[in-house]
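Chemist: Sequence unavailable; structure follows:
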């Protein structure tokens, strides 16, 4: 019955998603504050029109949170759905094949039935809106087997800085049995999977300052420390020849997986050749002693996300810059504490600075790692839902990405999260030409009600 409703409303479900994708809800840029508010209003109206009992646009110190709920029966379990309506900036615009905020459907090798190309198509508007449309389908067919609450925030792409205070202040309102999130992916449509682990994050900005002004590189070169040269040397020293991070104590709390666990991970289909071909690289690169997928999921990392300083305009300008800057992220694994790692980095980076420069380390956002047991009721319900919709048992996998709110929800609300994502690694999230398969979108809408159904049954047993 639900599937019949979904099939009859395919065009409508796509049209509404396109309307949502056209709103440039870029949380990082204050010029788009109006668009952020418009997106929140769009979602609020959607929930109201679909029959939610309670719908609120709730202010924070940043962008607002959209909250909605439908309480069918107090005796039924309650599912709290989390998503975010903000998106990454579309830059660089010249690398997009189409307008990032004018969604189009194009066929690709991986998506022969078409993919939606737009900023936010996969991360996270497309995946978040699946839950809105699944809610519509369950309401329209009278098949809502659980109470449901929605919390859709507008600051995930800038670190969810105000979310913890919001959750603590609304702890009673957000009470639930499980949290359902679709902000992750799966191995493929042919090999479905469920994410059971996420890496944490420590994100910092560093600044190296030398002379009190930019200097002529001919008059001062060789006599004064060049902040750009120094910064590059300092960053290079953070990794050894085996690509292990050199910060003292960095690996002390890392939870090492057993050989059995690593062997189970290796069962997931993966082609090194195809991986390299997709990225147009000759070979992979990373920590010695680990496979490519292990490096990308169960090992901590340190990466420079941006670096700048000096003259970068057209032509030549022979200067020694007064300062140089970089943004650095460290992905963390279970047992690593982001605050502890941030302090380790700050202390070490400042300690290796040579005389002649001053170093400043500014911490930005971070988040704890998270793991969900494949033996839990929530995982079993998700696994059964995937089996029903895909006809295959999903593989439990760990993701290299970070969703800090997962650990935050567990810490504040005391409940576990199910990561039921339908994106693919090839969907170019955060990059030009981000896209999301049309069939992935509808498969998500089909699977979510099945999760509600199985979760309700398992909770009753």
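Modeler: That came in fine, so what should we check first? The shown structure was predicted, so the numbers you read here are calculated from the model rather than taken from an experiment.

Chemist: Please, where are all the helices along the protein?
Modeler: 2-8, 10-21, 33-49, 125-140, 163-169, 217-220, 227-236, 259-265, 272-279, 292-295, 338-351, 377-390, 404-413, 438-460 (DSSP state H).

Chemist: Give me the distance from stretch 407-421 to the chain's centre.
Modeler: Put simply, stretch 407-421 sits 14 Å off its chain's centre (CA atoms, centre = their mean, to the nearest Å).

Chemist: Repeat that for stretch 452-461.
Modeler: 28 Å.

Chemist: Make 337 the first number, not 1, from now on.
Modeler: Happy to do that; since the first residue is 337 now, the last one works out to stretch 788-797.

Chemist: tell me the average confidence for that stretch?
Modeler: For stretch 788-797, mean pLDDT is 95.

Chemist: Show me what that stretch is in contact with.
Modeler: The contact list for stretch 788-797, computed with CB atoms under 8 Å, 6 or more residues apart in numbering, reads 412-413, 415, 474, 479-482, 484, 513-514, 713-714, 716-718, 720-721, 724. For the C-beta atoms, the positions are set from N, CA and C on the backbone; glycine is no exception.

Chemist: Which among the residues you listed count as buried?
Modeler: 412-413, 415, 474, 480-482, 484, 513-514, 713-714, 717-718, 720-721 (16 or more other CB atoms under 10 Å).

Chemist: Identify whichever of the helices of the chain lies nearest to residue 693.
Modeler: helix 563-572 (5.3 Å; CB to CB).

Chemist: What is that closest one packed up against?
Modeler: strand 536-545, strand 639-645, strand 659-668 (3 or more CB pairs under 8 Å, 6 or more residues apart in numbering; DSSP states H and E).

Chemist: Would you indicate which residues of it are buried?
Modeler: The neighbour-count check on helix 563-572 (16+ other CB under 10 Å) flags 563, 564, 565, 566, 567, 568, 570, 571 as buried.

Chemist: now swap in stretch 747-763 and tell me
Modeler: Quick answer for stretch 747-763 (16+ other CB under 10 Å): 748-749, 751-763.

Chemist: Where does pLDDT dip in the stretch 387-536 of the chain?
Modeler: Counting by pLDDT under 70, not a single residue of the stretch 387-536 of the chain qualifies.

Chemist: Mind doing that once more with 90?
Modeler: The model of the stretch 387-536 of the chain has pLDDT under 90 over residues 495, 497, 532-533.

Chemist: Which parts of it are strands?
Modeler: Using DSSP state E, counting those that start in this stretch, the strands assigned to the stretch 387-536 of the chain run over residues 390-394, 401-406, 414-420, 440-442, 451-453, 483-489, 514-517, 529-534, 536-545.

Chemist: Does residue 414 touch residue 511 like I think?
Modeler: Yes - counting by CB atoms under 8 Å, residue 414 touches residue 511, with 7.2 Å between them.

Chemist: Compare the two and say which one has the larger neighbour count.
Modeler: Using other CB atoms under 10 Å as the criterion, residue 414 and residue 511 rank with residue 414 on top: 19 against 13.

Chemist: related to what we said a few turns ago, could you export the strands of the stretch 387-536 of the chain to TSV, including columns for distance to residue 495?
Modeler: Converted to TSV, those look like this (distance: least, CB to CB, whole Å):
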stretch	distance to residue 495
strand 390-394	19
strand 401-406	15
strand 414-420	11
strand 440-442	30
strand 451-453	26
strand 483-489	11
strand 514-517	17
strand 529-534	15
strand 536-545	7
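
Chemist: So which of those is nearest residue 728?
Modeler: Checking the strands of the stretch 387-536 of the chain against residue 728 by CB to CB gives strand 529-534 as the closest, at 9.9 Å.

Chemist: That closest one - contacts with which helices or strands?
Modeler: strand 706-707, helix 713-726, strand 731-734, strand 753-755.

Chemist: Now mean pLDDT too, for these, in a markdown table please.
Modeler: Shown next, in a markdown table, are the helices and strands packed on strand 529-534 (pLDDT from 0 to 100):
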| stretch | mean pLDDT |
| --- | --- |
| strand 706-707 | 86 |
| helix 713-726 | 97 |
| strand 731-734 | 88 |
| strand 753-755 | 95 |
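
Chemist: Make a markdown table out of those and add distance to residue 771.
Modeler: Listed next are the helices and strands packed on strand 529-534 as a markdown table, based on distance: least, CB to CB, whole Å:
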| stretch | distance to residue 771 |
| --- | --- |
| strand 706-707 | 27 |
| helix 713-726 | 21 |
| strand 731-734 | 21 |
| strand 753-755 | 21 |
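
Chemist: Tell me which of the ones you listed lies nearest to residue 608.
Modeler: Of the helices and strands packed on strand 529-534, nearest to residue 608 by CB to CB is strand 731-734, at 16.8 Å.

Chemist: Report the buried residues of that closest one.
Modeler: 731, 732, 733, 734.

Chemist: what do you get for stretch 722-742?
Modeler: For stretch 722-742, by 16+ other CB under 10 Å, it's 722-723, 725-726, 730-742.

Chemist: one step back: okay, among the buried residues of stretch 747-763, which ones form the most distant pair?
Modeler: 748 and 762 (34.3 Å).

Chemist: Would you confirm that residue 548 contacts residue 658?
Modeler: Yes - with contact defined as CB under 8 Å, residue 548 counts as touching residue 658 (6.7 Å).

Chemist: Which of these two has more residues huddled nearby?
Modeler: residue 658 (16 against 7).

Chemist: re earlier: greatest separation within the buried ones among the contacts of stretch 788-797: which pair is it?
Modeler: 474 and 713 (20.0 Å).

Chemist: Please give the per-domain residue ranges for the protein, including any split domains.
Modeler: 338-534+705-796, 536-590+636-703 (automatic domain parsing).

Chemist: Identify whichever of these lies nearest to residue 614.
Modeler: domain 338-534+705-796 (6.3 Å).

Chemist: contacting residues for residue 402?
Modeler: With contact taken as CB under 8 Å, 6+ apart, residue 402 is in contact with 376, 379-380, 383, 391-394, 421, 486-490.

Chemist: on that earlier part again, residue 678: which of the helices and strands packed on helix 563-572 is closest?
Modeler: strand 536-545 (4.7 Å).

Chemist: Now do the buried residues in the closest one.
Modeler: 536, 537, 538, 539, 540, 542, 543, 544, 545.

Chemist: so residue 500 touches residue 748, yeah?
Modeler: Yes - using CB under 8 Å, residue 500 is in contact with residue 748, at 7.0 Å.
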